[in-house]
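> Quick one, structure for this:
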Amino acid sequence: MATVFFALLVDIFSFTIILPLFPRLLEFYRKNEASDPTSLFSLTLAQLESFKALVGATGPRLDVVLFGGAIGSLFSLLQFAVSPFIGALSDKWGRKRVLMVCMVGNLASCALWVVAKPFWVFVLSRVVGGLSEGNVQLSVAMISDITTAETRSRGLLLVVARRPGLNPYSASALFAALLIFAEIIYLQVALPETIHVHRAKQAAASASAASSPVHIQAPTQSAKQQARTHLRTLSALHFAYLFLFSGLEFTLTFFTYDRFAYTNRQQGTLLGFIGLVASLVQGGYTRRRAHKVGEHRVAMQGIASCALGFALLATTQRASAQLWVGATMLAFTSATVVTCLTTLASLQASRGQAMGMFRSWGQLGRAMGPMVACAGYWVYGSKATYLVGSVGLGVVAMWLARVEKRCR
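Model prediction:
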């Protein structure tokens, strides 16, 4: 389990390197390719202009926000498409083998980003990355393989020739690529296969069921149907929550860039602060509290914190303590909600394919959220977008509360 935790830590670090760079990265491509009508950037920008005319928006100031939302949505939409297949393949071929293939795809994505001076190469790198990003769901499946229902909650809390033309952000891309390369070597050497543990559990359960009387087996089928229904409900909640949270979260770097003129360093400091606080909360509060009061309640606390956090950000006019309080609330959300929902889902079905479907619905939320949130930000501004999102998150929290009552 320690191997999975360390690998996830490296993977998440390499994955998030690009986030604070997004606003200025897109400005770089705009400066270099907007004047070429045949470039992918110009062709995409033309489609945005058509959308602007349709909704009556004017001015190019926030074009980069909607552009970023489209790229973020593309990445998650590809993950939505491939997650069930990655899970099914891991059930058939083994977790480690499929994970290593995904890691090679991630490395290829970073290598493309290193040489992504033209915009189309950058988009290609995001496509390759989206199709290869199965690391988290496979890590969850591996932890589910080797833990029981009682210990799974704590286990899942650990889960995350010629020199080519380069772009100004190639150093970050190269660093991410080196991290992933080191992770591949580490996983190949240190990570054991876990699918045989899962198969042994299934065989033992089948043998136990076969030796039981028929009248004892019948409730088992009913329990399985109930578990499938609960998993579908959790998947829908996962989608709704990530649709709102990931969309609003994606605009955060654009928000600080647009409202406070934050530099890359300041963006990185803010995101680093959120990550640090989330790690402390997850390792301290969530790990100790979730199994005592229940994952449902901790997840509700996280969603409520998110609603309050974005309400605070909506009314923040300058880079003051209010911004950092809101960021702290978002960090609490990051440390609780997805972890607890994933734990609840894994208790219903530990197969890679089933967890792949659960994660797939979350990725659909991540795919749609950034585009919708960025469009709202672009047309109506950050204040209206964040306040509407805050109300929506409150509705999701109430929905989860009703689910908890039915599960008692």
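
> Give me the domain ranges for the chain.
Domain ranges of the chain: 1-146+161-192, 226-407, per the TED database.

> Looking at the ones you listed, which one is packed in the most?
Comparing those by mean neighbour count (mean count of other CB atoms under 10 Å), domain 226-407 ranks first with a mean of 20. To be clear about C-beta, it is placed using only N, CA and C from the backbone, and glycine gets the same treatment.

> chain center to that domain: distance?
Between the centre of domain 226-407 and the centre of its chain there are 10 Å (CA atoms, centre = their mean, to the nearest Å).

> What of stretch 111-123?
22 Å.

> Quick check: end-to-end length of that stretch?
13 Å (CA to CA, to the nearest Å).

> got it, and stretch 30-44?
Criterion CA to CA; first-to-last residue distance in stretch 30-44 is 11 Å.

> what's the biggest helix by length in the chain packed up against?
Criterion DSSP state H: the longest helix present in the chain is helix 214-250. Here helix 214-250 touches helix 63-93, helix 295-314, helix 321-348, helix 352-380, helix 382-407, going by 3 or more CB pairs under 8 Å, 6 or more residues apart in numbering; DSSP states H and E.

> how about those helices in TSV, adding distance to residue 278 and mean pLDDT?
Below are the helices and strands packed on helix 214-250 laid out as TSV (distance: least, CB to CB, whole Å; pLDDT from 0 to 100):
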stretch	distance to residue 278	mean pLDDT
helix 63-93	19	78
helix 295-314	10	94
helix 321-348	4	88
helix 352-380	17	81
helix 382-407	17	91
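
> With respect to residue 273, which of these lies nearest?
Nearest to residue 273, of all the helices and strands packed on helix 214-250, is helix 321-348, at 6.2 Å by CB to CB.

> So which other helices or strands are in contact with the closest one?
Secondary elements touching helix 321-348 (3+ CB pairs under 8 Å, 6+ apart): helix 135-146, helix 152-156, helix 214-250, helix 252-260, helix 264-281, helix 287-293, helix 295-314, helix 352-380.

> now those in TSV, with distance to residue 331?
Converted to TSV, the helices and strands packed on helix 321-348 look like this (distance: least, CB to CB, whole Å):
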stretch	distance to residue 331
helix 135-146	19
helix 152-156	19
helix 214-250	11
helix 252-260	12
helix 264-281	4
helix 287-293	15
helix 295-314	9
helix 352-380	18
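
> Residue 190 is nearest to which of these?
helix 135-146 (12.7 Å).

> Quick one: distance of stretch 114-133 to the chain centre.
Distance, stretch centre to chain centre, for stretch 114-133: 18 Å (CA atoms, centre = their mean).

> State the mean pLDDT of stretch 94-107.
The predicted model assigns stretch 94-107 a mean pLDDT of 84.

> How far off centre is it?
Per CA atoms, centre = their mean, the centroid offset for stretch 94-107 relative to its chain is 18 Å.

> still on that earlier bit, how about the helices and strands packed on helix 214-250 in a markdown table, adding distance to residue 226?
Shown next, in a markdown table, are those (distance: least, CB to CB, whole Å):
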| stretch | distance to residue 226 |
| --- | --- |
| helix 63-93 | 22 |
| helix 295-314 | 16 |
| helix 321-348 | 9 |
| helix 352-380 | 14 |
| helix 382-407 | 10 |
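
> For residue 268, find the nearest of these.
Of those, nearest to residue 268 by CB to CB is helix 321-348, at 13.0 Å.

> between that closest one and helix 295-314, how many degrees?
150 degrees (axes from the mean of the first three to the mean of the last three CA atoms, to 10 degrees).
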